[in-house]
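**Student:** Next come a sequence and a model predicted from it.
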Protein chains: 2
Amino acid sequence: MRELTFRQATRVDASAMLALLLSVSSEGDTLHFQGGIDAGFIDSQWLGAPGCFLAYDGDHLLGMYRYGANMPGRGAHIASATFLVAQQCRGQGLGRKLVTHCLAQAKAAGFRAMQFNQVVATNLAALSLYRSLGFEKVGKIPEAFAHPEHGYVSAYVMYLDLHRFDESFTAPARPV
Amino acid sequence: MRELTFRQATRVDASAMLALLLSVSSEGDTLHFQGGIDAGFIDSQWLGAPGCFLAYDGDHLLGMYRYGANMPGRGAHIASATFLVAQQCRGQGLGRKLVTHCLAQAKAAGFRAMQFNQVVATNLAALSLYRSLGFEKVGKIPEAFAHPEHGYVSAYVMYLDLHRFDESFTAPARPV
């Protein structure tokens, strides 16, 4: 990654987004997606999200996220989000940059907190990253995720009060 | 309640369902709905749910529920559900009948577990009912619900392994 730029997604990004989503959708412990990923899915679930941002290096889409209200109505003050990092960019800090960018956007948009509903217990990189940013485990769902290798594994609900979030906050990763 | 009958919802029930939903949507600690409740909402969110059942006493719609997968793809083996009981029928055991009926349906449909994502902490009747049916609190989300009287209140994530559910199971309500 040389010159990483973030910008809001538009329709011209749809094919690159679809390619990125398809390339990571077969992974074991990250996304819930299973089939049904097509142009319509990108339109409704990604471009249609209240917030959808992309990380480009030149013409190369390296990562993306979407965020929006986790619940309607009286629960709409808490956001949730989904993140994708291209396989060839793992372990280089892009995930942290995406999450930090997202938290800043959600805070600026008026959300009081960020909640991740299903962080799969085997996804140690995500758990470590979220904890380093101040997230706490507020729930543990038994057998929440049908892992292709490990069978049914649990998942955590993770939560961050955005009043506590400061973009400059970069505590070292703690063991999960 | 004299002769309670359960049946699957169809389009002819739409207006009665809308009236019931509107009548309870203003309550403080139950539903997340806040505005936007109309015929289209009934169509997409209720009649369009994988399972939607109604409890009638003659021509009077007294309660209803919907259920479906809580997550897509690799999380789709866990169900979630929403329940409504008409105000004039509270405290008469209808909620328990609706939930029990729903759990039996979801189990028969092949779901492994039932998860409620946001049981508001001030909704003691629901917490007591769910616990009496074997549900456990597996998470607690801080300030999850903007209560019209109490401000931001927490909510529980509750979970039941449906292998443990037996329709005849009617443990006495325990204190929450």
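**Tutor:** Everything's here; your move. In this text the structure is predicted, and so the values were computed from the model without any measurement.

**Student:** Past the helix or strand bottoming out on mean pLDDT in chain A, which element shows up next along the chain?
**Tutor:** Within chain A, no helix or strand scores below helix A:39-41, which has a mean of 86 by mean pLDDT, DSSP states H and E. Going down the chain from helix A:39-41, the next helix or strand is strand A:51-57, by DSSP states H and E.

**Student:** what pairs with that following strand, and is each one parallel or antiparallel?
**Tutor:** If you go by DSSP bridges, strand A:51-57 pairs up with strand A:4-8 (antiparallel), strand A:60-69 (antiparallel).

**Student:** average pLDDT for the longest one?
**Tutor:** Meaning strand A:60-69. Throughout strand A:60-69, pLDDT has a mean value of 96.

**Student:** then it to PDB, C-alphas only?
**Tutor:** Extracted C-alpha coordinates of strand A:60-69, given in PDB (Å, rounded to 0.1, in the frame of the first residue of the first chain):
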ATOM      1  CA  HIS A  60      -6.900  -0.900  -6.800                       C
ATOM      2  CA  LEU A  61      -9.700  -1.400  -4.400                       C
ATOM      3  CA  LEU A  62      -8.000  -2.800  -1.200                       C
ATOM      4  CA  GLY A  63     -10.800  -2.600   1.300                       C
ATOM      5  CA  MET A  64     -14.300  -1.300   2.100                       C
ATOM      6  CA  TYR A  65     -16.800  -0.900   4.800                       C
ATOM      7  CA  ARG A  66     -20.400  -0.100   5.300                       C
ATOM      8  CA  TYR A  67     -22.200   1.100   8.400                       C
ATOM      9  CA  GLY A  68     -25.700   2.000   9.500                       C
ATOM     10  CA  ALA A  69     -28.100   1.700  12.400                       C
END
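
**Student:** one step back: what does the least confident helix or strand of chain A contact?
**Tutor:** A:Ala14, A:Leu18, A:Leu21 (C-beta atoms under 8 Å, 6 or more residues apart in numbering or on different chains). (Glycine included, C-beta is placed from N, CA and C.)

**Student:** Let's see which of the residues you listed end up in helices.
**Tutor:** Using DSSP state H to define helices, the subset of the contacts of helix A:39-41 located there is A:Ala14, A:Leu18, A:Leu21.

**Student:** In JSON lines, list the residues you listed along with distance to chain B and pLDDT.
**Tutor:** Putting the ones in helices among the contacts of helix A:39-41 into JSON lines (distance: C-beta to the nearest C-beta, whole Å; pLDDT from 0 to 100) gives the following:
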{"residue": "A:Ala14", "distance to chain B": "20", "pLDDT": "95"}
{"residue": "A:Leu18", "distance to chain B": "16", "pLDDT": "93"}
{"residue": "A:Leu21", "distance to chain B": "12", "pLDDT": "91"}
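
**Student:** Where do the helices of chain A begin and end?
**Tutor:** For chain A, applying DSSP H gives helices covering A:14-24, A:39-41, A:94-108, A:124-132.

**Student:** Dump those to JSON lines, plus mean neighbour count.
**Tutor:** Output for the helices of chain A, formatted as JSON lines (neighbours: other C-beta atoms under 10 Å in any protein chain shown):
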{"stretch": "helix A:14-24", "mean neighbour count": "16"}
{"stretch": "helix A:39-41", "mean neighbour count": "12"}
{"stretch": "helix A:94-108", "mean neighbour count": "19"}
{"stretch": "helix A:124-132", "mean neighbour count": "18"}
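
**Student:** Out of those helices, flag the one nearest A:Lys140.
**Tutor:** The closest of those to A:Lys140 is helix A:124-132. By C-beta to C-beta, the value is 11.6 Å.

**Student:** Give me the angle between that closest one and helix A:94-108.
**Tutor:** Inter-element angle recorded for helix A:124-132 and helix A:94-108: 40 degrees (by axes from the mean of the first three to the mean of the last three C-alpha atoms, to 10 degrees).

**Student:** Against which helices or strands is helix A:124-132 packed?
**Tutor:** The contact analysis (3 or more C-beta pairs under 8 Å, 6 or more residues apart in numbering or on different chains; DSSP states H and E) places helix A:124-132 against helix A:94-108, strand A:113-120, strand A:151-161.

**Student:** so which of these comes closest to B:Ser80?
**Tutor:** With C-beta to C-beta as the measure, strand A:113-120 is the member of the helices and strands packed on helix A:124-132 nearest B:Ser80 (10.9 Å).

**Student:** Give me every residue in chain A lying close to chain B.
**Tutor:** Neighbours of chain B within chain A, by C-beta under 8 Å from any C-beta of the partner chain: A:31-36, A:71-78, A:112-113, A:115, A:117-118, A:138-148, A:152, A:155, A:157, A:159, A:161.

**Student:** In PyMOL, how would I select the buried members of the residues you listed?
**Tutor:** One line in PyMOL is enough to select the buried members of the residues of chain A next to chain B, burial here meaning 16 or more other C-beta atoms under 10 Å in any protein chain shown:
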select buried, chain A and resi 31+32+33+71+73+74+75+77+78+112+113+115+117+118+138+139+140+141+142+143+144+145+146+147+155+157+159
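
**Student:** Now, the residues of chain A next to chain B that are in strands?
**Tutor:** Using DSSP state E to define strands, the subset of these located there is A:78, A:113, A:115, A:117-118, A:138-147, A:152, A:155, A:157, A:159, A:161.

**Student:** For stretch A:38-58, measure first residue to last.
**Tutor:** With C-alpha to C-alpha, to the nearest Å as the measure, the ends of stretch A:38-58 fall 25 Å from one another.

**Student:** Brilliant, that's me finished.
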